[in-house]
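Q: Predicted model and sequence follow; I will ask about them next.
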Amino acid sequence: MGTFGAAPFSKIMPKARETAERALALDPNLAEAWATLACIEEQYERRFEGAVPIWERALTLDPRHSRARGQRALGAYTTGTYTRDQAVAEMHRAVQDDPLSSWVGAMRSYVLGFVGLHGESIAEAERAFALDADSFFAHWNLMRGHAWAGDYERALELAPGLLAASGRHQWVLGALSWIYAKAGRPDGAKAIHDEMAARARLEFMSPFWLAVAADASCDREAALGFAERAVVERDPLVIWGRVIPFWDGIRTHPRFEDVVKGVWR
């Protein structure tokens, strides 16, 4: 719920930690609970070095825990701990260990996109989506994969189905605003930005995605404000900020250095 922006991070992430710790009190050898703690340590607490032994504990207990391996690979690459080749190799192993998991395939697609292997990223997203057509993460990565490869029209073709299936989820809206901007359709980007801003007055919206939508609408000051808010509110997605294409425009702003210091101090 924290990662996907379903509730304010300060309310939901401590509950995640409490629940994982309760699980470990019942079974200290539960790899799933250790993996959850590692995610919290990395994404919410931003104690990147502290997360390393927790990931190792999870994967020592269950070397074929592909969700843990995939999340560790993504986090390690975006924080600079893993090289491109290390991240790709870890995701290859994760899929080998759990080839029928749509989620693992979608995560591999995501990591391949981050390292610039866009053709492979799209192919893996297609495979993951074929495994489970109801998977939000696989469907989203299929749209995202085409967008990062520069095929904005194909990404826009995929958007309506994903918007309908997800209830216009903020991950879809934020990515779509960026796609519209890249496709030279500022009216579309502005409409998405306005929708997200209106919803943010009534429900919780991730500042990470609000920053993307503001930047897509050419409001760089607002985008940096949301990026700074993402740091303060401990938005889990902000750790991707140094490398994710959705923040390419934000990174050109002089104030982005303050965002970097706030996360990777």
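A: Received, thanks. Numbering: from 1, shown residues only.

Q: quick one, helices of the stretch 151-265 of the chain?
A: 152-166, 170-182, 186-200, 207-216, 220-232, 256-264 (DSSP state H, counting those that start in this stretch).

Q: how about CSV for those helices, with mean pLDDT and mean neighbour count added?
A: C-betas here are computed from N, CA, C, even on glycine. What follows is those, written out as CSV (pLDDT from 0 to 100; neighbours: other C-beta atoms under 10 Å):
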stretch, mean pLDDT, mean neighbour count
helix 152-166, 97, 16
helix 170-182, 98, 24
helix 186-200, 98, 17
helix 207-216, 98, 28
helix 220-232, 95, 19
helix 256-264, 88, 15
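
Q: Make TSV from those helices and add distance to residue 132 to it.
A: Formatted as TSV, the helices of the stretch 151-265 of the chain follow (distance: least, C-beta to C-beta, whole Å):
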stretch	distance to residue 132
helix 152-166	12
helix 170-182	17
helix 186-200	27
helix 207-216	24
helix 220-232	30
helix 256-264	33
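
Q: and the nearest residue to residue 158 once chain neighbours are set aside, how many neighbours?
A: Spatial nearest neighbour of residue 158, chain neighbours left out: residue 143 (4.3 Å); criterion: C-beta to C-beta, 6 or more residues apart in numbering. Residue 143 has 24 neighbouring residues, counting by other C-beta atoms under 10 Å.

Q: pLDDT of the one helix or strand residue 143 maps to, averaged?
A: Element membership of residue 143, judged by DSSP states H and E, is helix 136-148. Taken as a whole, helix 136-148 carries a mean pLDDT of 98.

Q: Give the other helices and strands that it contacts.
A: helix 102-114, helix 118-131, helix 152-166, helix 170-182 (3 or more C-beta pairs under 8 Å, 6 or more residues apart in numbering; DSSP states H and E).

Q: how about the ones you listed in TSV, adding distance to residue 232?
A: Listed next are the helices and strands packed on helix 136-148 as TSV, based on distance: least, C-beta to C-beta, whole Å:
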stretch	distance to residue 232
helix 102-114	25
helix 118-131	32
helix 152-166	27
helix 170-182	19
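
Q: Tell me which of those helices lies nearest to residue 252.
A: helix 170-182 (14.0 Å; C-beta to C-beta).

Q: so how far is that closest one from its chain's centroid?
A: 14 Å (C-alpha atoms, centre = their mean, to the nearest Å).

Q: which residues are in contact with that helix?
A: When contacts are defined by C-beta atoms under 8 Å, 6 or more residues apart in numbering, helix 170-182 is touched by residues 4-5, 140, 143-144, 147, 150, 152, 155-156, 159, 162-163, 166, 186-189, 192-193, 195-196, 199, 205-206, 208-210, 212-213, 215-218, 245-246.
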